[in-house]
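> Sequence plus predicted model, see below.
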Amino acid sequence: MTTTTASTSTETVADARVLALAHYAARGVLEQVLARHGITFQQQIALRAALTADAPQTADDLVTQVQGSLKADPADVRATLDELLAKQLLLTDGAHLRLTDAGRELTAAIGAEVAPVSARVWGGIPAADLAAAGRVLALVTERANAELAALNT
């Protein structure tokens, strides 16, 4: 006699909850590091935007970038830029905002502190799995951005 059983899968299927849990777990780690350096998550995102830009950025450019990444209120992003200027991590250079040496040193220190944690979190995940996850997350981001744009029109 042959018996068949339904196969059961214990694999986690990606959905909004799983995505949120992963995001907040990783962000929680990062925010612990940022707190030790006296900056917020939004400040770090603004500093990274200024650091990685191909060309000098105006305040409006940085507001647009950070708002696009975080979906934050533009007034809150402007306040964040003001905080970074007050901390002398950014400086005004004509119409542009630039990282100060202290801003560069801070982003480098944070990067150095986060790198081994990231290696432990991401290490050992097969490249094919990372590629598949990247494709899915890019599609989810695209669709969610389209839904947000539709809600805001």
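On my side now, so go ahead.

> burial measure for Q57, as a count.
Q57: 21 surrounding residues under other C-beta atoms under 10 Å. All C-beta spots, glycine's among them, are computed from the backbone N, C-alpha and C.

> and if you look at A127?
With neighbours defined by other C-beta under 10 Å, the count for A127 comes to 7.

> what's the distance between it and L139?
19 Å (C-beta to C-beta, to the nearest Å).

> Please apply the same query to A86.
39 Å.

> residues touching L90, list them.
Shown in contact with L90 (C-beta atoms under 8 Å, 6 or more residues apart in numbering): 46-47, 50, 81, 84, 97-100, 103.

> pLDDT (mean, whole number) over the lengthiest helix in the chain?
For the chain, the helix with the greatest residue count under DSSP state H is helix 127-151. Mean pLDDT, helix 127-151: 95.

> quick one: buried residues of stretch 33-44?
33-34, 39, 42-44 (16 or more other C-beta atoms under 10 Å).

> Out of those, give me the two with the largest separation.
Farthest pair in those (C-beta to C-beta) is V33 and Q42. Separation: 14.8 Å.

> quick one: the helices in this protein?
16-36, 41-52, 59-70, 74-86, 101-122, 127-151.

> ok, the buried residues of stretch 33-44 vs D60, which is closest?
Proximity of these to D60 (C-beta to C-beta) peaks at Q42, which lies at 16.7 Å.

> correct me, but that closest one touches V77?
Yes - between Q42 and V77 there is a contact under C-beta atoms under 8 Å: 7.2 Å.

> Make sure Q88 is actually in contact with R104.
No - under the criterion of C-beta under 8 Å, Q88 makes no contact with R104, lying 11.9 Å away.

> the more surrounded of the two?
Set Q88 next to R104 and count neighbours by other C-beta under 10 Å: R104 wins out with 15 against 11.

> quick one: contacts for the more buried one?
Contact analysis of R104 by C-beta under 8 Å, 6+ apart lists L51.

> for L62, same thing?
With C-beta under 8 Å, 6+ apart, L62 has these contacts: 46, 49-50, 77, 81, 97.
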